[in-house]
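Trainee: please find the sequence and the predicted model below.
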Amino acid sequence: MCLLKKNKKSFTYLLIAFLLLLIVYPNVSLNGAKEGINLWLFIVVPSLFPFFVINDILMAINVPENIAMLFTPIVKKFFNASGYGAYAFIMSIFSGYPSGAKIVRDLIKGNKISPKEGQRILTFSSTSGPLFIIGAVGYGMLKSNIAGYVLYVSHILGAVLNGILFRFIIKKENKNNIYSNPCTLKDYSPFEIFAISIKDSLITCGLIGGYIIFFSVIIYLLREIQYFKIIEIFLKKYLHISNFYALTISNLLEASLEISNGSKIISALNNSFIYKLYLLSFIIAFSGISIIGQVSGIINKTGINIKLYILSKISHGAFSCLSCCLLVNLFKINFSVFNNTIYSIELSEIFLIEIFLMIIWIFIALNQIKKVLIK
């Protein structure tokens, strides 16, 4: 809010410009909105909604406490955080953006962690998932599962390195923050717990959908007025930047708006395969303005600093790019020798892995519910 007040004039001009574009190009904005709705309704909601519901149930019956106790020594040593960070990290690397932010918000609201610890946990627990990186980007866009695995491993390594870095930047509180009032649902039946989880998950999915549709319209309008082409020409003509770097900068700026669209843009570049891989590793870790907007909406009023979160996403991108570079050069990976028909892991198999993990979480949840009912 403070940032908005300082830049009120600029923000007003942007809104007026956006409104004018909506009026001048109604068909373009309509197509952008339709694309955003399709992306949200048929891809984002089916992949995130089950994870959100399961997470809410697990949080409600205090399953994270058991995981926290198990992983506290490791998480404390590497990230200077409690074991709740392990729970957020595990859920995030399998479900993807913006699950980590939602889990951290729930942990803060449940008095399990402080806002400062939540900020530290977010630096390594705000990640994309295997379905997007291996399935959509690797297999779908780059036509190489090996590339998908390299991107996914470098993404996770980047998150870990990022968390280690920010343990020194975000200092721990002086007081002890192991919380004495965790949320319990002894007064609720299993059906009530399930109903509350569905309601909260639908609200979060609705918030995410709003950001996706809005940014989809913005991307379509900017493309229509050739905004990024203008930037490229400006860089070449007035700043005397070479064609290669001018095109790369304009493509990265366009890609940074939204991760799915951005990955498509980078995958379609005429640069070398390895170069595209490095750019993708950065942009997936950065996540894009749309995801950052979703996260800011989710963590609103939790005490987490959004500026510091954005800084952590930039550093996550840098670490992922570095990890990708090291993996490719250290193991001498030659992507041209791999044939997708031989080394292919279909999208359905990735779904099966995620479903198997979800079944494990459900089994843990049912055991916890049984304990609550017995008591």
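Mentor: Everything's here; your move.

Trainee: the residue most central in space within the chain in helix, strand or coil?
Mentor: Compute the mean C-alpha point of the chain, and by CA atoms, centre = their mean the closest residue is Y97, 2.7 Å away. With DSSP: H, G, I helix; E, B strand; the rest coil as the basis, Y97 sits in coil.

Trainee: residues contacting it?
Mentor: 126-129, 259, 287, 291, 294-295 (CB atoms under 8 Å, 6 or more residues apart in numbering). Heads up, the C-betas are built off the backbone N, CA and C, glycines and all.

Trainee: try 10 Å this time
Mentor: By CB atoms under 10 Å, 6 or more residues apart in numbering, the contact list for Y97 reads 44, 48, 126-129, 132, 208, 259, 284, 287-288, 290-292, 294-295.

Trainee: and H316, by the same measure?
Mentor: Contacts of H316 (CB under 10 Å, 6+ apart): 123-124, 126-127, 155, 158-159, 161-163, 165-166, 282, 284-287.

Trainee: which helix or strand contains it?
Mentor: Here H316 sits within helix 306-330, counting by DSSP states H and E.

Trainee: what comes up buried for that helix?
Mentor: 308-310, 312-313, 315-324, 327-328 (16 or more other CB atoms under 10 Å).

Trainee: by mean pLDDT, flag the weakest helix or strand of the chain.
Mentor: Lowest on mean pLDDT, DSSP states H and E among the helices and strands of the chain sits helix 340-343, with a mean of 40.

Trainee: quick one on the thing from earlier: what's the spacing between the residue nearest to the centre of the chain and M91?
Mentor: For Y97, the distance to M91 (CB to CB, to the nearest Å) stands at 12 Å.

Trainee: shared neighbours, the two?
Mentor: 127, 129.

Trainee: picking up where we left off before, just the buried members of the contacts of H316?
Mentor: Neighbour counting by 16+ other CB under 10 Å classes 123-124, 126-127, 155, 158-159, 161-163, 165-166, 282, 284-287 among the contacts of H316 as buried.

Trainee: which ones among those map onto helices?
Mentor: Among those, DSSP state H puts 123-124, 155, 158-159, 161-163, 165-166, 282, 284-286 in helices.

Trainee: can you lay out those residues as a markdown table showing distance to N300?
Mentor: Output for those, formatted as a markdown table (distance: CB to CB, whole Å):
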| residue | distance to N300 |
| --- | --- |
| T123 | 19 |
| F124 | 21 |
| H155 | 26 |
| G158 | 26 |
| A159 | 23 |
| L161 | 28 |
| N162 | 23 |
| G163 | 23 |
| L165 | 26 |
| F166 | 21 |
| F282 | 27 |
| I284 | 24 |
| A285 | 23 |
| F286 | 21 |
